[in-house]
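Engineer: sequence first, predicted model second:
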Amino acid sequence: MAKKSKGTPKAPLILMVAGLTLILGAVGWYALVLIPSQTAATQVTATSPGNFPQVIRISPEDAKKAFDQGGAIFIDVRSAQEYEQRHIPGALSIPLLDLESRIGELNPDTWYITY
């Protein structure tokens with residue numbers, strides 16, 4: 001007669017450990033990859049991405065309100081051809097490629113909203 005092994009079979013225990021490892025791996029991946037990217041996407045709406053964190057972003061509604069009340073001036077940074085096709089009435093046209101060389105034309109005490 002063959003001897004029976006006493007104790008619990010090892011196969012179910014190994015499967016449970018493997019399943020738990022997969023679950024913990026998925027939760028860890030979610031925490032490390034997905035949550036920071038969602039937070040970063042949310043933060044982009046509050047401030048400018050990249051090298052200009054001091055540039056505040058505002059909603060289109062707040063921009064229109066500031067412009068309508070005379071508290072801000074729009075600057076259209078698209079090409080001159082795009083500006084001619086359609087632009088916000090009263091907006092200045094300073095193409096993005098020219099902005100650095102024309103920055104001296106702007107009053108530092110005025111709130112400019114670029115689009």
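Structural biologist: All right, it came through fine.
Engineer: pLDDT on the lengthiest helix in the chain, on average?
Structural biologist: Assignment by DSSP state H gives helix 10-29 as the longest helix of the chain. Mean per-residue pLDDT for helix 10-29: 75.
Engineer: same question for stretch 62-82.
Structural biologist: Stretch 62-82 comes out with an average pLDDT of 93.
Engineer: check stretch 87-94 too.
Structural biologist: Mean per-residue pLDDT for stretch 87-94: 94.
Engineer: in that stretch, what counts as buried?
Structural biologist: 91-94 (16 or more other Cβ atoms under 10 Å). C-betas here are computed from N, CA, C, even on glycine.
Engineer: those residues in strands, which ones?
Structural biologist: For those, the ones inside strands are 92-93, with DSSP state E as the criterion.
Engineer: which one of the buried residues of stretch 87-94 is nearest F74?
Structural biologist: Set against F74, the nearest of the buried residues of stretch 87-94 by Cβ to Cβ is A91 (3.8 Å).
Engineer: do you know how far the closest one is from I23?
Structural biologist: Distance, A91 to I23, by Cβ to Cβ, to the nearest Å: 54 Å.
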